[in-house]
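A.B. asks: this one's sequence-less:
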RNA sequence: GUCCCGUUCGUUCAGCGGUUAGGACUCAGGAUUUUCAUUCCUGCAACAGGGGUUCGAUUCCCCUACGGGAUACCA
């Protein structure tokens, strides 16, 4: 049987990085196994509908290079891939369950349910539905259904143990008495996640359910449904959660959680994928940089970690810097040009400046700031810089420098190096005291990209203009 | 409250009965460089606690503590 995995997000408006990792693992595993990866939109909650959410979801996945084989816009005979369009399927299945007594209509009001829960908490009992409507006769139920609102609940076993195997958690046991009579169909006629999920996974022939750990406690409900239908359940794979620095579930409150946020901040999709893939799984060894193909080759679903992982931006920054440093020049230049913000740049020499700055970026968003050495006026020297400017040797260097530069037609990187050699010869000044004055004279700063690039970018006239005042 | 899951350097991941407990990020120091960065080298830093099992436990079992998740007509 060939592997089928699925990513089944609800369209909430953006893709959470935790979801990205779930999608990634599903995708990687399917590719590795030569299987199929499905995207299914879980939009059964009418109250949570968000305009444009699906488009955003599709766009984010595309940017990340996570390609699905079937899903919205890629329909096949297993579709549709929107749960909101599959109600006929759910209705047919729920009817079977009600007819054979595996599920029942519940007419209880939310007020009664709230009170019940409160009472159970106070008595330190497990919370859950008390089964009031469990044994209403078929006739009475049919009669009430004509005039009253109802939901449909699953008739969960009352005793015994639900045992199952999870690829990450291994053997898990949950007492049936702890499992609630789950609502399968809401009073608006739409299925709940638990129901739609099982039906869809079955008909879409999903073999591996790879999802977040928050679903682990619901597994018995799902397994029982498979049993009621006489279907073979898929392999369960519950991933550890992504955490905030304080180890709570990664949330919006404590920083960015949306994929688009990170993309907007200048992280590359490749770095983001690489970083997330290594949160919860690692092939071992020194290397931490993996392309998607390498991840697919190295991935081992049995070696997924159990404990939650803190999303450490510092490591992401480092990784992203690695990706930028190793990026193909043309690709880098094209991408970098999108990040100039409102910098006024010398279009002709922009590439020179961008290349000079390539190794110092942790994200593309750093570009405007890093470029300021080139594009702005010289900064005011600080005390330490001023000390160097005040040196006698500095004056000599400047005089010789301006003299040499003035003679040149042009001032390219190579010309500059020649000039500096000559200045050294003429003045006898070398090392730090030769180079630093020129740097400070031109930029006002003791730090920055390689001087030769700055010199070339500024050009002959600007070089003379900036140095002359110090003579 | 109840149930489930988890616990190796600050973070992340190795380790799967006998190791000087390893790598990566961060941090500190050094080398190279005209500076920062890059690159390279070195260093700091961990098996939550207590019981077992065993000749021997980071590794297996139990308990405790701590953390997280689930307890919705949300997913």
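C.D. replies: That came through fine. Keep in mind that what you see is a predicted model, and the values were worked out from it rather than measured. Numbering: from 1, shown residues only, chains lettered A, B, ... in the order given.
A.B. asks: CA atoms for contacts and neighbours, from now on please.
C.D. replies: Will do.
A.B. asks: As a check, name the ranges of all helices in the stretch 301-450 of chain A.
C.D. replies: Applying DSSP state H, counting those that start in this stretch to the stretch 301-450 of chain A gives helices spanning A:313-325, A:329-336, A:350-357, A:367-375, A:383-389, A:392-407, A:413-427, A:432-443.
A.B. asks: Residues contacting the fifth one, please?
C.D. replies: Contacts with helix A:383-389, where a contact means CA atoms under 8 Å, 6 or more residues apart in numbering, come from A:394, A:395, A:433, A:436, A:437, A:440, A:441, A:444, A:445, A:446.
A.B. asks: among the helices of the stretch 301-450 of chain A, which is nearest residue A:263?
C.D. replies: Residue A:263 sits nearest to helix A:313-325 of all the helices of the stretch 301-450 of chain A, at 11.1 Å, using CA to CA.
A.B. asks: elements contacting that closest one?
C.D. replies: Contacts defined by 3 or more CA pairs under 8 Å, 6 or more residues apart in numbering; DSSP states H and E place helix A:313-325 against helix A:269-277.
A.B. asks: try it again with 10 Å
C.D. replies: helix A:269-277, helix A:329-336 (3 or more CA pairs under 10 Å, 6 or more residues apart in numbering; DSSP states H and E).
A.B. asks: can you give me the angle it makes with helix A:329-336?
C.D. replies: 130 degrees (axes from the mean of the first three to the mean of the last three CA atoms, to 10 degrees).
A.B. asks: Whether helix A:313-325 contacts RNA strand B - can you check?
C.D. replies: Yes. Residues of helix A:313-325 contacting RNA strand B under CA under 7 Å from any atom of the strand: A:314, A:315, A:318, A:322.
A.B. asks: Any regions of the stretch 251-400 of chain A where pLDDT drops low?
C.D. replies: Scanning the stretch 251-400 of chain A for pLDDT under 70 picks out no residues.
A.B. asks: so how far is RNA strand B from residue A:217?
C.D. replies: Noted for residue A:217: a distance of 5 Å to RNA strand B, by CA to the nearest atom of the strand, to the nearest Å.
A.B. asks: got it, and residue A:247?
C.D. replies: Taken as CA to the nearest atom of the strand, the span from residue A:247 to RNA strand B is 5 Å.
A.B. asks: Residue numbers of the stretch 251-400 of chain A in contact with RNA strand B?
C.D. replies: Counting by CA under 7 Å from any atom of the strand, the residues of the stretch 251-400 of chain A close to RNA strand B are A:278-288, A:303-312, A:314-315, A:318, A:322, A:359-361.
A.B. asks: Just the buried residues of those residues.
C.D. replies: Buried members of those, counted by 16 or more other CA atoms under 10 Å: A:278-282, A:304-305, A:308-311, A:322, A:360-361.
A.B. asks: ok, of those, which one's closest to residue A:417?
C.D. replies: Closest approach between these and residue A:417, by CA to CA: residue A:360, at 22.2 Å.
A.B. asks: Let me know how buried residue A:363 is, in neighbour terms.
C.D. replies: When counting by other CA atoms under 10 Å, one arrives at 25 neighbours for residue A:363.
A.B. asks: Now do the strands in chain A.
C.D. replies: A:4-7, A:36-39, A:103-106, A:151-154, A:161-166, A:170-175, A:183-185, A:208-212, A:235-239, A:242-243, A:309-310 (DSSP state E).
A.B. asks: Pick the most deeply packed of these.
C.D. replies: Most buried of the strands of chain A by mean neighbour count (mean count of other CA atoms under 10 Å) is strand A:4-7; its value is a mean of 26.
A.B. asks: Most proximal residue of the stretch 51-200 of chain A with respect to RNA strand B?
C.D. replies: residue A:124 (2.6 Å; CA to the nearest atom of the strand).
A.B. asks: pLDDT wise, what is that residue at?
C.D. replies: pLDDT for residue A:124: 90.
A.B. asks: OK, contacts around residue A:350?
C.D. replies: Neighbouring residues of residue A:350 by CA atoms under 10 Å, 6 or more residues apart in numbering: A:333, A:337, A:356, A:371, A:374, A:375, A:457.
A.B. asks: Nearest to RNA strand B among the residues you listed?
C.D. replies: residue A:356 (8.5 Å).
A.B. asks: how many other residues sit next to the residue of the stretch 51-200 of chain A closest to RNA strand B?
C.D. replies: As a burial measure, residue A:124 scores 9 neighbours (other CA under 10 Å).
A.B. asks: list the contacts for it?
C.D. replies: residue A:118.
A.B. asks: ok, 6 Å please
C.D. replies: Not one residue lies near residue A:124 by CA atoms under 6 Å, 6 or more residues apart in numbering.
A.B. asks: And for residue A:380?
C.D. replies: By CA under 6 Å, 6+ apart, the residues touching residue A:380 are residue A:444.
A.B. asks: for it, phi and psi?
C.D. replies: phi -80, psi 130 (degrees, to the nearest 10).
A.B. asks: Between the two ends of stretch A:264-281, how far is it?
C.D. replies: 26 Å (CA to CA, to the nearest Å).
A.B. asks: So which residues make contact with that stretch?
C.D. replies: A:21, A:64, A:304, A:305, A:320, A:363, A:364, A:365.
A.B. asks: same check, this time on stretch A:444-464
C.D. replies: Applying CA under 6 Å, 6+ apart, the external contacts of stretch A:444-464 come out as A:349, A:356, A:378, A:379, A:380, A:381, A:402, A:411, A:412, A:413, A:440.
A.B. asks: can you do 8 Å?
C.D. replies: Taking CA under 8 Å, 6+ apart as the rule, stretch A:444-464 contacts A:346, A:349-350, A:352-353, A:356-357, A:373-374, A:378-382, A:385, A:402, A:405-406, A:408-414, A:416-417, A:436, A:439-440, A:442.
A.B. asks: and that stretch, what's its mean pLDDT?
C.D. replies: Here the average pLDDT along stretch A:444-464 is 88.
A.B. asks: quick one: it to chain centroid distance?
C.D. replies: 39 Å (CA atoms, centre = their mean, to the nearest Å).
A.B. asks: buried ones in it?
C.D. replies: Applying a neighbour-count criterion of 16+ other CA under 10 Å, one finds A:444-446, A:448-449, A:451-460, A:463-464 buried in stretch A:444-464.
A.B. asks: now do stretch A:184-204
C.D. replies: Burial within stretch A:184-204, assessed by neighbour count using 16+ other CA under 10 Å, is assigned to A:184-186, A:190-202, A:204.
A.B. asks: and RNA strand B, which of those contact it?
C.D. replies: With CA under 7 Å from any atom of the strand as the criterion, the buried residues of stretch A:184-204 include A:185, A:186, A:191, A:192, A:193, A:194 near RNA strand B.
A.B. asks: which one of the residues you listed sits closest to residue A:71?
C.D. replies: Of these, the one sitting nearest to residue A:71 (CA to CA) turns out to be residue A:193, at 17.8 Å.
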